[in-house]
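>>> model this:
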Amino acid sequence: MQVGAAVENSLRTSNFPGQFKHLFTYCRNRGDEVVALAENQKTTSAAVGVVRYPLGRGNNPDMHPWAQEFESKVIRAEAAAKAAQQLKEAGFEPDVILGHPGWGETLLLKAVFPKAKLVCLMEYFYRAEGFDMGFDPEFSKPSLEEHARLLSKNANLLLAMEAMDYGVSPTPFQASTMPDWVKGKLRVIHEGVDTALCKPDAQAVIELPDRGVSVRAGDEVLTFVVRNLEPVRGYHIFMRALPEIMARRPDLKVFIVGGDGVSYGSRPESGSYRARYLSEVAAWLDPKRVFFLGKVPHNIFVRLMQVTRCHVYLTYPFVLSWSVLEAMSCGALVVGSRTAPVTDVIKDHDNGLLVDFFDTEGLAAKVCEVLENPKAYESLRRRARETVLERFDLETVSLPAYAQLLDDASAL
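Predicted structure coming up:
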């Protein structure tokens, strides 16, 4: 079978193939002819079977600002379609195209390959209310301009839904955000967790020589990890709970991972959310016990999850982070927010603990309870890893399910 894997999700990773990394190799190893389309970026290295394309232009500065979101999708769609046309002229005719439609690249691929079946990774469909937008009363309700940008995002996704033969969503909640008319095309398959890499290690150590810090599995360590430190992922809630946690646990060391940018939601008026919410509580924190690590390599993240005594994961109702599943796979005890899609994965007092998203006092109390009595939660740690092995293991669950989806699409 010929599989065209399009496209690189450039906002998730600077390297092809984003969510399709393992599937790309899996399909090639089973004998499929796989070609990938990916945006040309200086930070990426060449890879066999990857065709890179440049963007022909940027946004038109005279374009209506409410239409620029969709224009950017069309610009990417044009670039991907021209690269696909060159592949077609060279004799490549895919049976199935697998793509992430979020940035527009899949829009015109069936115009180039009308006989191919299109499978789209549908991570999330935006709503003006009921999910992430308007969830947090601390922030003003979405403006008319924000509504317009949201509708422009959805316009691209709706075209993808119309064109696709199958859609795939990582979690039941994320699938539930899609319009009713498209749900018959959807399957729920997570991209998968490398459980052989993300596993418990009683010998794991984290060292920060420049700060004179060394911690190992069993030490009193609290972790909070996100791509960027921002409200959508509950950074403000975590920081407001931290003074009470640290006051009650004088030997605790806290490791916070995440950048100063914004992955989701609105940007702050000035500066960063990291600085804003740190300034709220800095007077009550011991800087010798709180370590902001910025963005870290994946192997360092894994070691943190092997070391941590308690890991906090908070989110608005939105896309589930890979990090929480990898944390569970490492045997971390996760205290998560009682929000979708966290509740798709964590069952309270079974494989983790849940608290209301806005309950800073409850969060502090729950975290302190875990820190004080780690042995009482060993069964939850074991169940956390078992959950990932049973439902999200890359080799035994996700890759076979994805491969079956591609085979089913090819047979339509």
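
>>> how about the residue nearest the centre of the chain, what does it touch?
Centroid-nearest residue in the chain: residue 321, 3.8 Å away (criterion: CA atoms, centre = their mean). Residues near residue 321 by CB atoms under 8 Å, 6 or more residues apart in numbering: 226, 227, 233, 313, 315. Yep, even glycine has a C-beta here, placed from its N, CA and C like the rest.

>>> List the residues that contact the last one.
Spelled out, it's residue 315. By CB under 8 Å, 6+ apart, the residues touching residue 315 are 232, 233, 234, 321, 337, 339, 342, 357.

>>> Residue 249 now?
Counting by CB under 8 Å, 6+ apart, residue 249 makes contact with 220, 368, 371, 372.

>>> Contacts for stretch 376-386, please.
Identification of contacts with stretch 376-386 by CB under 8 Å, 6+ apart yields 195, 199-200, 327-334, 349-353, 370.

>>> Put the alpha carbons of that stretch into CSV.
The C-alpha coordinates for stretch 376-386 follow below in CSV (Å, rounded to 0.1, in the frame of the first residue of the first chain):
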residue,chain,number,x,y,z
ALA,A,376,0.1,4.8,50.8
TYR,A,377,-0.2,5.5,47.0
GLU,A,378,2.1,2.8,45.6
SER,A,379,-0.9,0.9,44.2
LEU,A,380,-2.1,4.0,42.4
ARG,A,381,1.4,4.3,40.8
ARG,A,382,1.3,0.7,39.6
ARG,A,383,-2.3,1.2,38.3
ALA,A,384,-1.2,4.3,36.4
ARG,A,385,1.5,2.4,34.5
GLU,A,386,-0.9,-0.5,33.9
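
>>> And that stretch, what's buried?
377, 380, 381, 383, 384, 385 (16 or more other CB atoms under 10 Å).

>>> What score does the second one have for pLDDT?
We have a pLDDT of 98 for residue 380.

>>> go on, the first one?
According to the model's per-residue confidence, residue 377 sits at a pLDDT of 98.

>>> what does the fifth one give?
At residue 384, the pLDDT value in this model is 98.

>>> is it true that it lies in a helix?
Yes - assessed with DSSP: H, G, I helix; E, B strand; the rest coil, residue 384 lies in a helix.

>>> Among the contacts of residue 321, which pair sits farthest apart?
Greatest spatial distance in those: 227 and 313, 12.4 Å, computed using CB to CB.

>>> okay, the two: which has more neighbours?
Neighbours around residue 227 and residue 313, counted as other CB atoms under 10 Å, are more numerous at residue 313. The numbers are 27 against 19.

>>> thought that one was touching residue 341?
No - counting by CB atoms under 8 Å, residue 313 sits too far from residue 341 to count as a contact (11.2 Å).

>>> what about residue 38, which SS state?
Recorded secondary structure, residue 38: strand (three-state DSSP).

>>> Now do it against residue 278, distance only.
Residue 38 sits 37 Å away from residue 278, going by CB to CB, to the nearest Å.

>>> between those two, who's got more neighbours?
More crowded of residue 38 and residue 278, by other CB under 10 Å: residue 38, with 25 against 19.

>>> any idea how far that one is from residue 100?
For residue 38, the distance to residue 100 - CB to CB - is 11 Å.

>>> what about the helices in the stretch 201-350 of the chain?
235-248, 273-281, 298-307, 322-329, 342-345 (DSSP state H, counting those that start in this stretch).

>>> what's the closest of these to residue 65?
Of all the helices of the stretch 201-350 of the chain, helix 273-281 comes closest under CB to CB, at 23.8 Å.

>>> Give the rounded mean pLDDT of that closest one.
On average, helix 273-281 scores 96.

>>> what's the spacing between that helix and its chain's center?
Centroid displacement of helix 273-281 relative to its chain, using CA atoms, centre = their mean, to the nearest Å, is 24 Å.

>>> Could I get the buried residue list for it?
Buried positions in helix 273-281, judged by neighbour count with 16+ other CB under 10 Å: 273, 274, 276, 277, 278, 281.

>>> residue contacts, the fourth one?
Meaning residue 277. Counting by CB under 8 Å, 6+ apart, residue 277 touches 229, 235, 236, 239, 240.

>>> and those, which two are the farthest apart?
229 and 240 (13.3 Å).

>>> number of nearby residues for the residue lying closest to residue 30 once chain neighbours are set aside?
Here the nearest residue to residue 30 in space, its sequence neighbours aside, is residue 403; by CB to CB, 6 or more residues apart in numbering that works out to 7.0 Å. Applying other CB under 10 Å, we find 17 residues neighbouring residue 403.

>>> what helix or strand does residue 403 sit in?
helix 399-411 (DSSP states H and E).

>>> Please apply the same query to residue 353.
Element membership of residue 353, judged by DSSP H and E, is strand 353-355.

>>> what lines up beside that strand in the sheet?
strand 334-337 (parallel) (DSSP bridges).

>>> What residues sit buried inside the partner strand?
Buried residues in strand 334-337 (16+ other CB under 10 Å): 334, 335, 336, 337.

>>> Then stretch 72-79?
Neighbour-count burial for stretch 72-79 [16+ other CB under 10 Å]: 72, 73, 75, 76, 77, 78, 79.
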